[in-house]
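>>> here is the input, now give the coordinates:
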Amino acid sequence: MAITDLDSKSFDTFVQSKGVVLVDFYADWCMPCRMMEPVLHELSSELDGSVRFSRLNEDYAPDIAARFGVFSIPTLIVFRDGRPVERLVGALPKRQLSQILKVIAQS
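Numbering: from 1, shown residues only. Prediction:
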């Protein structure tokens, strides 16, 4: 499954949908963000149907980043039915992120 690119206009509608949504707050110049990109693409395929993946370039949507208190990137925020339920900061191993997402999707 693809990763949906969000902006200030599309963010609220996307994250407020039913189910589990992961938002990757990133920037193009961020090396750890670039390291996470293939991990997120792999997980979006593996967890297709249980987690929807998206990303938001904080350079182009500082209002959303400020609203959620994103001061370091990458920051991954997991929403469930429109509410943030998990916040992860920094590059994470695929295995660790996968386990966290599976637990949230099954609860």
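>>> assign Ser54 to helix, strand or coil.
At Ser54 the chain is in strand, as set by DSSP: H, G, I helix; E, B strand; the rest coil.
>>> and it, how many neighbours does it have?
20 (other Cβ atoms under 10 Å). Quick note: C-beta positions are derived from backbone N, CA and C, even for glycine.
>>> before we move on, what about Arg55?
For Arg55, the neighbour count with other Cβ under 10 Å is 20.
>>> once you drop chain neighbours, what's closest to it?
Leaving aside its sequence neighbours, Arg55 sits nearest to Asp24 (Cβ to Cβ, 6 or more residues apart in numbering; 4.0 Å).
>>> in what helix or strand does that neighbour lie?
Using DSSP states H and E, Asp24 sits within strand 20-26.
>>> ok, now Asp12?
helix 11-15.
>>> Leu97 too?
helix 94-106.
>>> run through who's touching that helix.
Applying Cβ atoms under 8 Å, 6 or more residues apart in numbering, the external contacts of helix 94-106 come out as 20, 22, 39, 42-43, 46-47, 50-51, 76, 78, 80, 85-86, 88.
>>> recalculate using a threshold of 7 Å.
The contact list for helix 94-106 (Cβ atoms under 7 Å, 6 or more residues apart in numbering) reads 20, 22, 39, 42-43, 47, 50-51, 78, 80, 85-86.
>>> ok, and the most crowded of these?
Leu22 (25 neighbours).
>>> which residues touch it?
Applying Cβ under 7 Å, 6+ apart, the residues contacting Leu22 are 51, 53-54, 76, 78, 101.
>>> can I get these in TSV with pLDDT?
Converted to TSV, these look like this (pLDDT from 0 to 100):
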residue	pLDDT
Val51	96
Phe53	97
Ser54	98
Leu76	98
Val78	98
Leu101	97
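>>> before we move on, the earlier item: which other helices and strands contact the helix holding Asp12?
Applying 3 or more Cβ pairs under 7 Å, 6 or more residues apart in numbering; DSSP states H and E, we find helix 11-15 packed against strand 20-26.
>>> pull up the pairing partners for the strand it packs on, direction included.
Applying DSSP bridges, strand 20-26 is found paired with strand 52-57 (parallel), strand 75-80 (antiparallel).
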